[in-house]
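A.B. asks: Need a 3D model of the sequence below.
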Amino acid sequence: MAGLYRASLFVLAFVLTTTKAQTPTSSPAPTPCALRSNTSCAECLRNVTFLLLFSLQCLWCAPSKQCIDYPVRNILPPSSVCPLNDARWGLCWVNFQILIITMSVLGGVFVIAILVCCCCCCKCERIGSKREDAKVERQTRARKSRQNVKRTEMQLRHDEIRQKYGIAKDNPYARMNNP
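C.D. replies: Coordinates of the predicted model:
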């Protein structure tokens with residue numbers, strides 16, 4: 001047990017001496033968007049992340065060449081800030097108007113695809129239940145026909161036995177008394 005304890009202490013000491021103490025490096029504060037005006041779209045949108053609520057966002061307005069703080073309180077920037085056709089966010093070659101149209105179309109296609117999948121699943125389930133009902137009905141009919149065949153065979157065997165021992169009755173409703 002003492003050997004195990006010493007080995008674990010040796011490993012701990014080795015790990016502590018080989019790892020360097022890492023001090024957390026603070027990233028430089030992002031440059032305010034207004035200071036990036038009159039530069040280029042690429043410079044303005046350089047540090048843009050797609051998480052609107054958690055970081056500084058910049059919006060490039062092409063005709064005025066202004067780098068503006070993204071109005072995070074609004075989903076879309078108002079026209080007074082920059083027209084949607086001239087606004088750039090995230091990528092310089094995609095304007096907001098195209099972005100909105102594309103996202104709307106993709107969202108619509110996604111919703112329609114989900115609805116079609118749900119309808120197909122329900123339809124397949126209904127068809128499957130109809131097939132199962134027909135299968136159960138066929139099995140029931142087959143079971144009844146086998147039962148009738150067995151009943152008929154048993155009746156014939158009983159009639160043969162009655163004939164053999166002379167107790168066959170001419171009238172099936174007559175009492176079976178001694179003759």
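A.B. asks: for the record, mean pLDDT for stretch 137-152?
C.D. replies: Stretch 137-152 shows a mean pLDDT of 94.
A.B. asks: what's the answer for stretch 101-114, then?
C.D. replies: Averaging pLDDT along stretch 101-114 gives 94.
A.B. asks: Run through who's touching that stretch.
C.D. replies: Contact with stretch 101-114 is made by no outside residue, as judged by CB atoms under 8 Å, 6 or more residues apart in numbering. Placement of C-beta: from N, CA and C, glycine included.
A.B. asks: send the alpha carbons of it over as CSV?
C.D. replies: What follows is stretch 101-114, C-alpha atoms only, in CSV (Å, rounded to 0.1, in the frame of the first residue of the first chain):
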residue,chain,number,x,y,z
ILE,A,101,-35.7,36.0,-48.2
THR,A,102,-33.4,33.1,-48.1
MET,A,103,-34.0,32.3,-44.4
SER,A,104,-37.8,32.6,-45.0
VAL,A,105,-37.7,30.2,-47.9
LEU,A,106,-35.5,27.7,-46.1
GLY,A,107,-37.8,27.9,-43.0
GLY,A,108,-40.9,27.4,-45.2
VAL,A,109,-39.3,24.4,-46.9
PHE,A,110,-38.3,23.0,-43.5
VAL,A,111,-41.9,23.3,-42.2
ILE,A,112,-43.4,21.8,-45.3
ALA,A,113,-40.9,18.9,-45.1
ILE,A,114,-41.9,18.2,-41.5
